[in-house]
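In: Got a predicted structure plus its sequence, pasted below:
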Amino acid sequence: MKEVLIGSILSALSTGFGAMIILFMSQNVTHRFRDVLLAFTAGVMMAASTMGLIPEALSYDGFIPLAIGIILGVFVLTIMEKNIPHIDLQHSKSGLKFDEKALLIIAAITLHNIPEGLSVGVSYASNHGETGNLIAFAIGFQNAPEGLLVALFLINQKINKVKAFIISTLTGAIEIITSLLGYYLTSYLDALVPYGLAFAAGAMLFIIYKELIPESHGDGNERNATYSFIVGLLFMIFIIDIF
């Protein structure tokens, strides 16, 4: 219990770590930096899902629960993506521009963090505790640039840096609650563990392919983003090997 609480808190607060950068910035980040960062996190999450969550789910009951869980994860994220707006960045090499209203974006990012929190909690409920640490690590990496983007949006809405930092950090707090929910559900219902792990993998794969990779390839930085993706993938494989 202590481990999942620490892991979920650190993963959730990574949103704030990313947003903290704005406190020391004098201008917006370039699209190249943002694209490289998003691609790196995509590589990290790809390795975590394919080399952590999927093998772990397979070790329980084989392919059928894995397939059901992945399809369910993709389905849920598809429904959320269709009904919950997210940051839709206008591609401009001079900086980042936003056109949604602040409250709408804050609510959208908060709701999008729900499956990420569930992924962390379910991973800690598996037989291998290191899986939870790996997924918390991967989700944390994904949360950091997300926190930075939210904070940049808020600053463009004339919100001061300190308030933007605090609000961005709070958008990740829901992950702590959903992480504990996922942990308790799968801890007391062992049969749900492989489905939960596969659900988390499906959700992460959806985020990678639908959100992170397209966002990192929209401004002429495809080659740099591709290199960054591979570096992120290798980095996470290295971490998995250490664990």
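Out: Received, thanks.

In: gap between stretch 24-40 and the chain center?
Out: Centre-to-centre, stretch 24-40 and its host chain are 17 Å apart (Cα atoms, centre = their mean, to the nearest Å).

In: Got the phi and psi for residue 190?
Out: Here is the backbone geometry of residue 190 (degrees, to the nearest 10): phi -60, psi -30.

In: where's the residue lying closest to residue 52 once chain neighbours are set aside relative to residue 70, distance?
Out: Excluding the flanking residues, the one nearest residue 52 by Cβ to Cβ, 6 or more residues apart in numbering is residue 134, at 4.7 Å. Every C-beta, even on glycine, is put in place using the N, C-alpha and C of the backbone. Distance of residue 134 to residue 70, given as Cβ to Cβ, to the nearest Å: 18 Å.

In: Please identify which helix or strand holds the residue nearest to residue 52.
Out: helix 129-156 (DSSP states H and E).

In: which strands and helices sit next to that helix?
Out: In terms of contacts (3 or more Cβ pairs under 8 Å, 6 or more residues apart in numbering; DSSP states H and E), helix 129-156 is packed against helix 2-19, helix 31-48, helix 102-124, helix 161-171, helix 192-206, helix 222-242.

In: make it 7 Å
Out: Applying 3 or more Cβ pairs under 7 Å, 6 or more residues apart in numbering; DSSP states H and E, one finds that helix 129-156 contacts helix 2-19, helix 31-48, helix 102-124, helix 161-171, helix 222-242.

In: Let me have those helices in a markdown table, extended by mean pLDDT.
Out: As requested, these are exported to a markdown table (pLDDT from 0 to 100):
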| stretch | mean pLDDT |
| --- | --- |
| helix 2-19 | 84 |
| helix 31-48 | 85 |
| helix 102-124 | 72 |
| helix 161-171 | 85 |
| helix 222-242 | 90 |
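
In: now those helices in CSV, with distance to residue 81 and mean neighbour count?
Out: Output for these, formatted as CSV (distance: least, Cβ to Cβ, whole Å; neighbours: other Cβ atoms under 10 Å):
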stretch, distance to residue 81, mean neighbour count
helix 2-19, 19, 21
helix 31-48, 16, 24
helix 102-124, 9, 23
helix 161-171, 17, 19
helix 222-242, 21, 16
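
In: Same list, the ones you listed, but as TSV with distance to residue 83 please.
Out: Formatted as TSV, the helices and strands packed on helix 129-156 follow (distance: least, Cβ to Cβ, whole Å):
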stretch	distance to residue 83
helix 2-19	22
helix 31-48	23
helix 102-124	9
helix 161-171	18
helix 222-242	28
